[in-house]
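**Q** pasting the sequence and the predicted model now:
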Amino acid sequence: MFGFCTDPSTLDGLAWLSCYLTTGKHIAFYQSFGVVMILLLVTAPTALLFGFGGAMAARSQTLPLRLLGKTYISIVRGVPDIAFFLFFVIALDQGIEYARHLIQCPGWDQPVRQGSDFIVCQAAKTPSGNAPQWVHEIYGFATAVFTFAIVFGAFAANVLFGAMLAVPRAQMETASAYGMTRAQAFRRIMVPQMWVYALPGLSNLWMILIKATPLLFLLGVEDIVYWARELGGTKTPNFTDYPHGDWRMWYFAGLLVFYLILTRVSEIVLDGLMERLRFGQAVAR
């Protein structure tokens, strides 16, 4: 904040606007754009790992593993994202605290379920009540990444499973005839070729993941939608505020531009990646 911003009531015009846009809440708003980008950059490869593991499990020759992979894909894809986020985060958080509760407080003689309340000993709280704010923020962010990765990993698993089936079976049989083991044929033949079949579906998932980032507020993360709603709402005068009317439309219009730019840049990058994957391969265009 600039030095002349100490008394908002004396400001007008560009001076008022410059002070308004550099308040602490606006700085947090600008930082939340970085949070969204970090979430995307961390979640995408994590979800891809979940998806790859799920796809390999779904095509496994071991029945329990195959059932596990197909169950994961079917259940997560069949539950609405919002319902999964609301349920899973609470279940995960309480599961962690209950496990710590059993370890940290073995002498606890009261039930953890008391009516609608979930009560564990103070030592089992995650994060602990006296932990710094940044610990709580990192914990919330890690929970968000894990939840997003599980949801989008199931969709990625379905895409990768179909891409693996799209690789001509004759090529795998030829690799076996040349003496390759199943693992070698998978690594050297199937994996390099399946990406050209998987990328269109994974590209759509990336776009859906971008559009799903506003759900971060359900996980307790102060994201760009939270701050747009907070800052855009009507502000009444007091000694610290910069009063204004209902400006939510302008804030959400800014978010619209941000997401349009992000999706357009993504399209350009993904199109270039597809051209590189197609190079040297005989695929239908």
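**A** Happy to help now that I have it. Residues are numbered from 1 along each chain as shown.
**Q** tell me who's in contact with the residue lying closest to residue 220 once chain neighbours are set aside.
**A** Closest residue in space to residue 220, ignoring its immediate chain neighbours: residue 140 at 4.9 Å, by C-beta to C-beta, 6 or more residues apart in numbering. Where C-beta positions appear, they are placed from N, C-alpha and C, glycine not excepted. Residue 140 is in contact with 219, 220, 221, counting by C-beta atoms under 8 Å, 6 or more residues apart in numbering.
**Q** what is the neighbour count of the second one?
**A** Residues near residue 220, counting by other C-beta atoms under 10 Å, number 17.
**Q** any idea of the pLDDT on it?
**A** Residue 220 carries a pLDDT value of 72.
**Q** for it, give me its contacts.
**A** Residue 220 sits next to 89, 140, 143 when contact means C-beta under 8 Å, 6+ apart.
**Q** okay, buried residues for the helix or strand hosting the last one please.
**A** Taking DSSP states H and E as the definition, residue 143 sits inside helix 133-166. Of the residues in helix 133-166, those buried by neighbour count under the rule 16 or more other C-beta atoms under 10 Å are 139-141, 143-161, 163-164.
**Q** what about the next helix or strand after it, distance to the chain center?
**A** Counting by DSSP H and E, the element after helix 133-166 in chain order, helix or strand, is helix 169-177. Averaging C-alpha positions (C-alpha atoms, centre = their mean, to the nearest Å) puts helix 169-177 38 Å from its chain's average.
**Q** do stretch 198-209 as well
**A** Taking the mean of its C-alpha atoms, stretch 198-209 sits 14 Å from the chain's own mean (C-alpha atoms, centre = their mean).
**Q** now stretch 146-153
**A** 7 Å.
**Q** closest to residue 46 among the contacts of residue 220?
**A** In terms of C-beta to C-beta, no member of these lies closer to residue 46 than residue 143, at 12.7 Å.
**Q** that closest one reaches residue 93, doesn't it?
**A** Yes - using C-beta atoms under 8 Å, residue 143 is in contact with residue 93, at 7.0 Å.
**Q** output the below-cut-off pLDDT ranges for this protein.
**A** Within the chain, the ranges that satisfy pLDDT under 70 run 1-4, 6-11, 237-240, 279-285.
**Q** where along it do the helices fall?
**A** Remark: helices assigned in the chain by DSSP state H are 13-20, 24-58, 63-78, 81-104, 133-166, 169-177, 182-185, 191-212, 224-232, 248-278.
**Q** check contacts around the spatially closest residue to residue 171 that is not a sequence neighbour.
**A** Spatially, and ignoring its direct neighbours in sequence, residue 171 is nearest to residue 189 (5.5 Å; C-beta to C-beta, 6+ apart). By C-beta under 8 Å, 6+ apart, residue 189 lies in contact with 167, 171, 172, 175, 180.
**Q** how close does the third one get to residue 222?
**A** The one in question is residue 172. Here the distance between residue 172 and residue 222 works out to 49 Å (C-beta to C-beta, to the nearest Å).
**Q** how about the second one?
**A** Separation of residue 171 from residue 222 (C-beta to C-beta) stands at 50 Å.
**Q** ok, now the fourth one?
**A** In this structure, residue 175 lies at 51 Å from residue 222, with C-beta to C-beta as the measure.
**Q** next: the first one.
**A** The spacing between residue 167 and residue 222, counted by C-beta to C-beta, is 44 Å.
**Q** one more: the last one?
**A** Going from residue 180 to residue 222 by C-beta to C-beta gives 52 Å.
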